[in-house]
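# take this sequence and fold it.
(2 chains)
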2 protein chains.
Amino acid sequence: MPSYNPPLRHMKFVMHEVLQVVPALRELPTHAEIDAELIDQVCEEGGKFCAEVLQPLNASGDAEGCRYDPQARAVSTPAGYAQAWQQFVEAGWPLLTAEPEYGGQGLPHLVGSALHEMENAANQAWAMYPGLTQGVLELLGAHGSPQQKNLYLPRLASGEWTGTMCLTEAHCGTDLGLIRTRALPQQDGSYLLSGQKIFISSGEHDLSSNIIHMVLAKLPDAPEGSKGISLFVVPKFLPDASGQPGQRNGIFCSGIEHKMGIHGNATCQMSLEDARGWMVGEANKGLAAMFVMMNGARLGVGMQSLGLTEAAYQNGLAYARDRLQMRSLTGPKAPQQAADPILVHPDVRRMLLTARAWAEGGRFLAYWVALMLDQSLHHPDAEVRKDTADLVALLTPIVKAFVSDNAFQAVNECLQVFGGHGYIREWGMEQFVRDARINMIYEGTNTIQALDLIGRKVLMDGGARLKKLGRIIGQFIEAEGVVESMQEFVNPLADLATKVQKLSMELGMKAMTDREQVGAAATPYLRVVGHLVYAYGFARMAKVAQAGLARGGDEAFYQARLQTARFYFARLLPETAMAIRQARSGAASLMDTEAVFA
Amino acid sequence: MPSYNPPLRHMKFVMHEVLQVVPALRELPTHAEIDAELIDQVCEEGGKFCAEVLQPLNASGDAEGCRYDPQARAVSTPAGYAQAWQQFVEAGWPLLTAEPEYGGQGLPHLVGSALHEMENAANQAWAMYPGLTQGVLELLGAHGSPQQKNLYLPRLASGEWTGTMCLTEAHCGTDLGLIRTRALPQQDGSYLLSGQKIFISSGEHDLSSNIIHMVLAKLPDAPEGSKGISLFVVPKFLPDASGQPGQRNGIFCSGIEHKMGIHGNATCQMSLEDARGWMVGEANKGLAAMFVMMNGARLGVGMQSLGLTEAAYQNGLAYARDRLQMRSLTGPKAPQQAADPILVHPDVRRMLLTARAWAEGGRFLAYWVALMLDQSLHHPDAEVRKDTADLVALLTPIVKAFVSDNAFQAVNECLQVFGGHGYIREWGMEQFVRDARINMIYEGTNTIQALDLIGRKVLMDGGARLKKLGRIIGQFIEAEGVVESMQEFVNPLADLATKVQKLSMELGMKAMTDREQVGAAATPYLRVVGHLVYAYGFARMAKVAQAGLARGGDEAFYQARLQTARFYFARLLPETAMAIRQARSGAASLMDTEAVFA
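So this is what the prediction gives:
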């Protein structure tokens, strides 16, 4: 059975030593009182909850899965899930980042992200229930009417109620313009919704007394395609006059999916049978509103992936220390035993360091983006808000796709460390692989993320957002390029930054004459830009580690950080040599003729 | 539910048009009578059996799995498995490549490989039962005494009995020198074996009337480590005087594993409780003898991986033609429908072509090696036997590891084509991923394959085997380098061949002073050499396709082959730019200090 220890030391390293989040957050009026002790205490307590309550339910929840009762149209979650939710609610965890106006603690997204990382490392299937609830909180907070906010936000923030997003239908997931769910306006200002949704995570379950569904549907007179989508809030139970769950609404679970992984999360088919809903935001502008929740969910997938990467790494490392097999190529390292621990073997180390580098790089990226999200929402200076919002927008597809692709690689490397035992359920490594696989798919496939990055986030504004990232990295290169001990990190970073700039311009030129070029280059392009951000992160982390070593104390920790950075530059960054060639190879080898698929 | 159509056209293309196997096989006295019609007929009939009998049991076998009865210490295979085995036996398929002396049809390994590809594409879990039986046939054929051959080979060849290999124990898989199973010599020349084995594929089941276990064990006076291992044949039922299964022998299944995939194959814990066995080959030389079966199994893993790649590709392509979602970036391609088939999108094509290229390249490699295996066994010229045996030895770890790594990538790309549906069991794509995952592990992890390639197969003989490969490729480059239409394929091939030569020499030099360098470079080195062979294969296939187009007829087929080759050189070969940098990066970033894992 796998174990999980919240990586508090590294989390603090990234937050306090590298990103220096406390002074940055204190510039925000909403967080002027924050201090490191509070952040650390939340991480420690949250980590304890994840390790002690959620992690023990991970394997059992996978084995048991959710059950659907077709008579009652009800879903039971695995044993222990509902109790864990109750404990989570009683401890006040759902309130963490919610606005104080609605009873929340109003802590920064950064702190929420740290908690999400640990929840997902412990139990991704369970963590999806609060994750989606958090998304509904943000969506209604941004687009709900005052009445909707007053009704729903306090109960979602407290965890009394949970939430979902209902987008996909059987015939469309990516292409939401094709949805068929209809909303008929009623005299009282409400709507009656009818249609069938699929793949609704947490759509029905036994954790909370009510479930608040955010549903995309079309009005009778809606324009065709994605410009005719409206957003509705559809509660499972209609709140009565006192705001308590009252009459059962016409939104029912009609079945759950049997999936490769995340068995503990109910993936529901939802049937809307004249379900009463209320419009959120403006008519026909539902898709844009929904993007508040989708962007949050995309960052959330990054945290899921980061969590799984860390958990797999920890267990892979523990096994490699424990398992005795063969001798080191340079002679016995544990001569008193029948064989050496497999950690002595270079290729085992390669696998483990791959996972560790993806974890550490992912943590830098995810926390950095979370901090900038807080800044984009609350910084007093409008320019800072704009700049950080631009960077969050640019980096969101990278958090979603780069971190989830890397996570899948990482969990597979860690499974491999176990040899045959990695393939056996009781060791838990294969669950990480099965769970991690969904992250490359949902909340917009990684292809969609890649198209979002190159199309909307880079080319659409003529590279303006990318230049903002380039300036930040350029400043770092300029400052550190003269420091001898930093050359091994800064030189490849500077080299890659130049290449990204050239590649982006080249693809922009090509795109003007042939749109297929964008689609053909998108996936490797995202890999290249992802590496640029990680190379920057590892260089920054190496700098802090060098300073820590110079300061003295905690030597093993800082040495290990330098080692991860060196490994990253030696072994992972070279992927850019491949990806740049792929991105430059054009569309011809893909698009040539119809005969291509003969 | 997935479907499977044996890719007969491409199989024939590789066998007849590219490898020209018929004239090559006719040089072998054992196969002087072979003709293309016979080969094709076997492939067609075998493919029919695989598609009609085995494939329909693939998903149901996965869902049902094997069941263990602890009272009877017996295993039931999924519904339909035993009947399919009966049909397989009655149709004479196990006899295909077995020696005529023991009732076999004596067809070349090449033909057996084609059948194995199709069996595994249809149902890997089922195909493992005959696969291991075939391995025992080869092992006893090579090392059994005349008496053992007469007793076992006819019944294994007919499929009346099946076989297993019992190597792994709980504390050792890679490091077989540590095994604890003991064999006590008896007065009658037999041995009594006791010990515990794990991960024994097909170790117990209800397909056949007897199971013949090939067991590694130690004699009481055996030297330590891998030089003290002997090999024994241990039947489940002791054959009586007439050779029929008689008394139950003391080898029992004590449990089966719950695995990520290949649920239809029983992965058994085997308990030897004074089981009677007979030594095969010489005392303490069991591991070397076992390598006959292990090498066969490694080639078999390549066929498993090739099969899964092909099956996943076919289903991914069918879905991409069928699923309507979004419009082509260059305007509607199916304007009469609500959206275009997703096959119009460049990134979907990238995913599918990745799988197709891995399938076509893998088929070239696997069939080429199978042909050379036949030549190495039966060619009248000793030098040809030696050369082909050297090449088979060199390429075996590439067939095992390169094809299985590529297969995992391919099945994941094809799952991704399905979006969220790929994650749902009923579509069958996630089963391909779960099944394919074992291929990177068993029969020697891919790390072991990489170490075998660089250590034993390349450096140990000073690069002699690699030079033989280089000469073949060099001749092709010389002949085709002057053909203008071949430049796009020959130039990158020649470039890579030079790089492989330099890289191999460089690593050989480094290895002299630091053994860790070998381990540190092994995995990326295998990727580079694998690409060299595929680049050669795709160039050869492109040449034949060009000739086919010049000849006229079957234009769509030959155009598609050129397209795959172009895609390979544009999109997959660039991995070598990454892998060469990784292989050259040395051991320091892996091995530095103990602090590395703080």
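# pLDDT value on residue A:354, please?
On pLDDT, residue A:354 comes in at 98.
# neighbours of it, how many?
If you count neighbours by other C-beta atoms under 10 Å in any protein chain shown, residue A:354 ends up with 23. For glycine as for every other residue, the C-beta is placed from the backbone atoms N, C-alpha and C.
# now do residue A:482
9.
# and it, helix, strand or coil?
Here residue A:482 is recorded as coil under DSSP: H, G, I helix; E, B strand; the rest coil.
# so who does it touch?
Counting by C-beta atoms under 8 Å, 6 or more residues apart in numbering or on different chains, residue A:482 makes contact with nothing.
# roughly how far apart are it and residue A:127?
For residue A:482, the distance to residue A:127 equals 44 Å [C-beta to C-beta, to the nearest Å].
# over to residue A:279?
30 Å.
# who has more neighbours out of the two?
A direct count of neighbours by other C-beta under 10 Å for residue A:279 and residue A:127 places residue A:127 higher, at 27 against 21.
# isn't that one up against residue A:115?
No: contact between residue A:127 and residue A:115 fails when scored by C-beta atoms under 8 Å: they sit 9.4 Å apart.
# hang on, residue A:17 in a helix?
Yes: in this structure, residue A:17 lies within a helix as judged by three-state DSSP.
# can you give me the neighbour number for it?
Residue A:17, neighbours per other C-beta under 10 Å, totals 18.
# tell me who's in contact with it.
Counted by C-beta under 8 Å, 6+ apart, residue A:17 has contacts A:544, A:548.
# equivalent analysis for residue A:147, please.
Residue A:147 touches nothing, counting by C-beta under 8 Å, 6+ apart.
# ok, now residue A:91?
Residue A:91 touches residue A:49, counting by C-beta under 8 Å, 6+ apart.
# for it, phi and psi?
Main-chain torsions, residue A:91, degrees, to the nearest 10: phi -80, psi -10.
# how much space between it and residue A:84?
Using C-beta to C-beta, residue A:91 is found at 11 Å from residue A:84.
# got it, and residue A:186?
39 Å.
# the two - which one has more neighbours?
The neighbour count for residue A:186 versus residue A:84, taken as other C-beta under 10 Å, is higher for residue A:84 (21 against 11).
# which strands and helices sit next to the strand or helix carrying that one?
Applying DSSP states H and E as the criterion places residue A:84 in helix A:81-90. If contacts are counted by 3 or more C-beta pairs under 8 Å, 6 or more residues apart in numbering or on different chains; DSSP states H and E, helix A:81-90 sits against helix A:109-143.
# what angle do the helix it packs on and helix A:81-90 make?
90 degrees (axes from the mean of the first three to the mean of the last three C-alpha atoms, to 10 degrees).
# how about helix A:109-143: buried residues?
Buried residues in helix A:109-143, counted by 16 or more other C-beta atoms under 10 Å in any protein chain shown: A:109-141, A:143.
# pLDDT on that helix, on average?
97.
# any residues of the stretch 151-300 of chain A in contact with chain B? List them.
For the stretch 151-300 of chain A, the residues in contact with chain B (C-beta under 8 Å from any C-beta of the partner chain) are A:168, A:171-175, A:178, A:198-199, A:257-261.
# one more time with 6 Å, if that's ok
A:173-175, A:178, A:199, A:257-260 (C-beta under 6 Å from any C-beta of the partner chain).
# turn these into CSV, columns for neighbour count.
Below are these laid out as CSV (neighbours: other C-beta atoms under 10 Å in any protein chain shown):
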residue, neighbour count
A:173, 22
A:174, 20
A:175, 19
A:178, 18
A:199, 24
A:257, 22
A:258, 14
A:259, 22
A:260, 23
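# isn't residue A:53 up against residue A:84?
Yes: assessed by C-beta atoms under 6 Å, residue A:53 is found in contact with residue A:84 at 5.1 Å.
# just give the nearest non-adjacent residue to residue A:486, would you?
Counting by C-beta to C-beta, 6 or more residues apart in numbering or on different chains, residue A:480 is the residue found nearest to residue A:486 once chain neighbours are left out, at 4.4 Å.
# could you count how many residues lie near the one you found?
Residue A:480: 19 neighbours (other C-beta under 10 Å).
# equivalent analysis for the one 4 residues further on, please.
Around residue A:484 sit 6 other residues, with neighbours defined as other C-beta under 10 Å.
# same check, this time on residue A:146
The burial count for residue A:146: 7, using other C-beta under 10 Å.
# next one, pLDDT for it please.
So residue A:146 comes in at 98 (pLDDT).
# where do the strands sit along chain A?
Assigned by DSSP state E, chain A shows strands spanning A:67-69, A:74-76, A:161-166, A:182-185, A:191-201, A:210-217, A:230-235, A:237-239, A:245-248, A:251-256, A:267-279.
# what lines up beside the first one in the sheet?
Looking at strand A:67-69 with DSSP bridges, its paired strands and their directions are strand A:74-76 (antiparallel).
# ok, residue A:482 to residue A:192 distance?
68 Å.
# repeat for residue A:137
26 Å.
# okay, now the nearest residue to residue A:280 once chain neighbours are set aside: neighbour count?
The shortest distance from residue A:280 to any non-neighbouring residue, by C-beta to C-beta, 6+ apart, is to residue A:231 (4.6 Å). The number of residues packed near residue A:231 is 31, by other C-beta under 10 Å.
# mind listing what residue A:222 touches?
Counting by C-beta atoms under 6 Å, 6 or more residues apart in numbering or on different chains, residue A:222 touches A:228, A:284.
# determine the set of other helices and strands touching the one helix or strand in chain A whose mean pLDDT sits lowest.
Of all helical and strand segments in chain A, the minimum by mean pLDDT, DSSP states H and E falls on helix A:588-591, at a mean of 89. Applying 3 or more C-beta pairs under 6 Å, 6 or more residues apart in numbering or on different chains; DSSP states H and E, one finds that helix A:588-591 contacts helix B:346-378.
# point out where the stretch 151-300 of chain A drops to low pLDDT.
Applying pLDDT under 70 to the stretch 151-300 of chain A flags no residue at all.
# OK, now which residue of it is nearest to chain B?
residue A:260 (3.8 Å; C-beta to the nearest C-beta).
# the closest residue to that residue other than its chain neighbours and residue B:345, how far apart?
Sequence neighbours aside, residue B:430 is the residue nearest to residue A:260 in space, at 3.8 Å (criterion: C-beta to C-beta, 6+ apart). Distance, residue B:430 to residue B:345, by C-beta to C-beta: 22 Å.
# burial measure for residue A:176, as a count.
17.
# brain fart, residue A:395
Counted with other C-beta under 10 Å, residue A:395 comes out at 26.
# try residue A:390
So residue A:390, with other C-beta under 10 Å, has 20 neighbours.
# next, the contact list for it, please.
Contacts of residue A:390 by C-beta under 6 Å, 6+ apart are A:465, A:468.
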